[in-house]
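Student: what would the 3D arrangement of this be:
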Amino acid sequence: MVERDPAAIADELQVVVGALVRRMRAVSPASAVNLSQVSILKRLDREGPHSVADLARHDQLTHQSITVSVAGLVQRRLVRRTPDPHDGRRKLLAITAAGRRLLAERRLAGHEILSDALATRLNPTERGQVSRALTLLRRLLD
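Tutor: Numbers count the residues shown, from 1 in each chain. Predicted structure coming up:
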C-alpha cells in the first residue's frame, strides 16, 4: 500500500467533511435563517444571553452586521431582548423556545439525512470502516 501525503489527505478530508456539512444544512427546515443567524442562535443556546457587542466581538463581525442578523431573529421570535440585570442601559439577547426548536429541527434533519445515507449507500462492512475511522478522526481533535 502506497502511503499518501498528509497534506493531500488533509485537503481531501476538508473537502469531504465540508460537502457533508453543506448537504446536511441544505435539508434544514430553517431555510429562511442564514448561517450568521444560526451561529448566533447556537452561541446563545450554548452560552446564554449576550449583548450585540459581545456577539460581534466573539464572531469578529461588525456591530452593524450582527444588529441586522439579530433584528431578523427577533422579528421571527427566535431571540428576545431582555434587560441586563447588571446594567440597565444594556440589552441582552436570549434564545427563545422557538429558537431552540429551530436548532433541534436543523440537527434532526441533518442527522436523518446522514443516517439514511449510511444505511442505504454503505454495506455493513463499509459502515464498520467508517465507524473505525471515527476513532482516528477523534484523535485528531486531541
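Student: going by C-alpha atoms from here, please, whenever you check contacts or count neighbours.
Tutor: Noted.
Student: which stretches in the chain count as helices?
Tutor: 6-26, 35-47, 52-59, 63-75, 97-121, 124-141 (DSSP state H).
Student: ranking those helices by mean pLDDT, which is last?
Tutor: Least confidently modelled of those is helix 6-26, at a mean of 86 by mean pLDDT.
Student: orientation of that helix relative to helix 35-47 in degrees?
Tutor: 90 degrees (axes from the mean of the first three to the mean of the last three CA atoms, to 10 degrees).
Student: report the buried residues of helix 6-26.
Tutor: 24-25 (16 or more other CA atoms under 10 Å).
Student: is it true that residue 114 touches residue 22?
Tutor: No. Under the criterion of CA atoms under 8 Å, residue 114 makes no contact with residue 22, lying 11.4 Å away.
Student: so for residue 91, which of the helices of the chain sits nearest?
Tutor: With CA to CA as the criterion, residue 91 lies closest to helix 52-59 of the helices of the chain, at 8.2 Å.
Student: with respect to residue 86, which of the helices of the chain lies nearest?
Tutor: Residue 86 lies closest, by CA to CA, to one member of those: helix 52-59, at 14.8 Å.
Student: count the neighbours of residue 141 for me.
Tutor: Neighbour count of residue 141, defined by other CA atoms under 10 Å: 6.
Student: the longest strand along the chain vs helix 52-59, what angle?
Tutor: Taking DSSP state E as the criterion, the chain has its longest strand at strand 87-95. Here the directions of strand 87-95 and helix 52-59 differ by 60 degrees (the same axes, to 10 degrees).
Student: related to what we said a few turns ago, out of the helices of the chain, which comes closest to residue 84?
Tutor: helix 52-59 (11.9 Å).
Student: same for the closest one, what does it pack against?
Tutor: The contact analysis (3 or more CA pairs under 8 Å, 6 or more residues apart in numbering; DSSP states H and E) places helix 52-59 against helix 63-75.
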